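Student: Okay, predicted coordinates and the sequence, questions at the end:
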Amino acid sequence: MSRSILSRTIGELSASHPAMADFFIGVSGQTPKPDGSVLSWLAGVGEDRLSQWGMDRDQALAHIEALAGQIDALRSSAPPEVRALTILGGINKQGQPEDLRLTLRPGELVSVVGPTGSGKSRLLGDIECLAQGDTPSGRRILVNDAPPAPGLRFSTHQKLVAQLSQTMNFVMDLSVGDFIAMHAECRMSGDVGSLVSQVIAQANKLAGEPFGRDAALTQLSGGQTRALMIADTALLSASPIVLIDEIENAGIDRKKSLELLLAREKIVLMSTHDPILALLGDRRLVIRSGAVVDIIETSEAERANLTALEQLDQTLMAVRHQLRSGLRIDSPVEEMLPWMR
Amino acid sequence: MRVITVAGPPSVGKTSVVDKTARLLKTRGRRVGVVKFDSLATSDDEIYARAGLPVAVGLAGNVCPDHFFVSNIDDCLTWGQGQALDMLVAESAGLCNRCSPHVQGVLAICVVDTLSGVHTPRKIGPMLKLADVVVVTKGDIVSQAEREVFAFNVRLANPRAAIVFFNGITGQGATELVHHMENAPSVEGLEGRRLRFPMPSAVCPYCVGETCIGRDHQRGNVRKMNLEGPGA
């Protein structure tokens, strides 16, 4: 038992985090005297209360100590720094070696392309668990040019990787403002009120239709949901690596979304079938049969095509908007596409 | 033989977690067996059998499933030793959030899912609070932010546990869970070992078949709600 717990009063411990205060109240059923010690408080708690809470005295004491340790760790932990992320090849689905040594740096966007079932998700999965030759692909991931220490690999609070996927939804029955505040409080640093405003303002720059802090999280449109997830990941998630499994074209500015993540010095890997997203990347990894078979640098010619593809996309979006507004779509579409004439 | 208890509320994905992890262990040459505890019926043994894992089933029937678990777990160990297992996973039904089938000196895993709400970690009793590893499932269908809030609340409810995010469909997270399972202590037998926390002492007429409602039928260990006074 560390001295720090025994030498702090109940009041000091309760003030360290609401969860600690909740624990004292939850166990004893009443607000404890703030100037007492943990041991005197615990001595005053009846067997019946402890049994209802589901702990004996030693377990309660160990819990308080561990909780105090977690709270200290949360307060002092800086986001882990990743200067370089290196993927070392493993084997493909036929067991043949994958010739790959790829290093990614903060602010870099890499797309991952390949047919469904080719192994894109497996690659993202290897990065997520910082594989060390112990996943089916046999790949190894280096962080800052070295294998990650087991402490970092299996750390609970220093997750290196945040994920964003089109299958994700908000499920919590809360307002946008309350939820973002709850997320900001997990970071235990910074001014929660101002962080909430920043996240919502940023999300509104990405989404077509604006929303406020009082909107219900689960009532947001597809585009608003995705915009809020991206703004929140950029501004509130500590993870330096973001894995994206396709951002659907749901009425959000996808280019701005990626720029926002990259501006926060994140390493972004994005699995996609969409040429506009894929060409936004600096490079793209081509996956076939469970292995990276090619790495294509986005060329000047491709970037020029990207501009044309974006115009095409905007045209389609404009037509979609007409449809949504109840208008007819009878003016010649060719006129909206200058290079087609 | 390493022994691992897996508990968690119904429908969180315990079987998928055990199945995906056991398959990965099998590819590494470990001989893994599973004992599936349930209340009335189960077909999960077919899932394990399909994965080529030795499996035994225990149905508690009209007995409290967690009491049933404790009464049988030692025999399950003997069964596992007879099967020459390297690792025995005991999957429990975990129905009431109050019981904790976790045994001292045996790796205890609690499975919860992100869809159950942010406050769930606080509401689950010793099953979560006294586990060594908390596996969080269904994280792939909620936002990253909700995953982070959920993990944070698990840490506050059980500050000592390792937290593993697990996708029961793809098996993502299995590598991490295998790491914890391979570090589980080896156990020769459970005779004389203790549960991490006593199960509820509920011996009342209803435990033994009483069906009639009313004060005259309430004897033994009866706790009454306080429906008077402030806050009631």
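Tutor: Nice, thanks for sending it over.

Student: quick one, strands of chain B?
Tutor: Along chain B, the stretches classed as strands by DSSP state E are B:2-7, B:32-38, B:55-59, B:87-91, B:107-113, B:133-137, B:162-166.

Student: any chance of the ones you listed in JSON lines, with mean pLDDT, mean neighbour count and distance to residue A:268 too?
Tutor: Every C-beta, even on glycine, is put in place using the N, C-alpha and C of the backbone. Shown next, in JSON lines, are the strands of chain B (pLDDT from 0 to 100; neighbours: other C-beta atoms under 10 Å in any protein chain shown; distance: least, C-beta to C-beta, whole Å):
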{"stretch": "strand B:2-7", "mean pLDDT": "94", "mean neighbour count": "26", "distance to residue A:268": "35"}
{"stretch": "strand B:32-38", "mean pLDDT": "92", "mean neighbour count": "25", "distance to residue A:268": "37"}
{"stretch": "strand B:55-59", "mean pLDDT": "90", "mean neighbour count": "18", "distance to residue A:268": "43"}
{"stretch": "strand B:87-91", "mean pLDDT": "94", "mean neighbour count": "26", "distance to residue A:268": "37"}
{"stretch": "strand B:107-113", "mean pLDDT": "95", "mean neighbour count": "26", "distance to residue A:268": "28"}
{"stretch": "strand B:133-137", "mean pLDDT": "95", "mean neighbour count": "25", "distance to residue A:268": "24"}
{"stretch": "strand B:162-166", "mean pLDDT": "92", "mean neighbour count": "23", "distance to residue A:268": "20"}
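
Student: Include distance to chain A when you put these into TSV, please.
Tutor: Below are the strands of chain B laid out as TSV (distance: least, C-beta to the nearest C-beta, whole Å):
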stretch	distance to chain A
strand B:2-7	13
strand B:32-38	16
strand B:55-59	23
strand B:87-91	17
strand B:107-113	10
strand B:133-137	9
strand B:162-166	4
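
Student: Nearest to residue A:108, out of the ones you listed?
Tutor: For residue A:108, the closest of these is strand B:162-166, at 24.7 Å, according to C-beta to C-beta.

Student: Any idea how many residues pack against residue A:113?
Tutor: Each residue near residue A:113 was counted by other C-beta atoms under 10 Å in any protein chain shown, and the total is 22.

Student: Poorly predicted segments of the stretch 1-150 of chain A, please.
Tutor: Residues of the stretch 1-150 of chain A meeting the criterion pLDDT under 70: A:1-3, A:77-79.

Student: interface residues of it facing chain B?
Tutor: By the rule C-beta under 8 Å from any C-beta of the partner chain, the part of the stretch 1-150 of chain A lying against chain B is A:17, A:19, A:22, A:51, A:53-56, A:59, A:62-63, A:66-67, A:69-70, A:121, A:125, A:128-129, A:131, A:134-136, A:150.

Student: Now, those that are in helices?
Tutor: With DSSP state H as the criterion, helices contain A:19, A:22, A:51, A:53, A:59, A:62-63, A:66-67, A:69-70, A:121, A:125, A:128, A:150 from among the residues of the stretch 1-150 of chain A next to chain B.

Student: Now compare the residues you listed and name the two farthest from each other.
Tutor: A:51 and A:121 (45.9 Å).

Student: out of these two, which sits in the busier spot?
Tutor: When residue A:51 is set against residue A:121 and neighbours are counted by other C-beta under 10 Å, the residue ahead is residue A:121, at 20 against 14.

Student: so what's that one up against?
Tutor: The neighbourhood of residue A:121, defined by C-beta atoms under 8 Å, 6 or more residues apart in numbering or on different chains, consists of A:245, A:271, B:170.

Student: quick one: which of the residues you listed is most hemmed in?
Tutor: With neighbours set by other C-beta under 10 Å, the maximum within the contacts of residue A:121 is found at residue A:271, which has 21 neighbours.

Student: beta partners of it?
Tutor: Applying DSSP bridges to residue A:271 yields these beta-bridge partners: residue A:112, residue A:245.

Student: If you count neighbours, what's buried in the longest helix along chain A?
Tutor: For chain A, the helix that runs over the most residues, judged by DSSP H, is helix A:300-324. The neighbour-count check on helix A:300-324 (16 or more other C-beta atoms under 10 Å in any protein chain shown) flags A:306, A:312, A:315 as buried.
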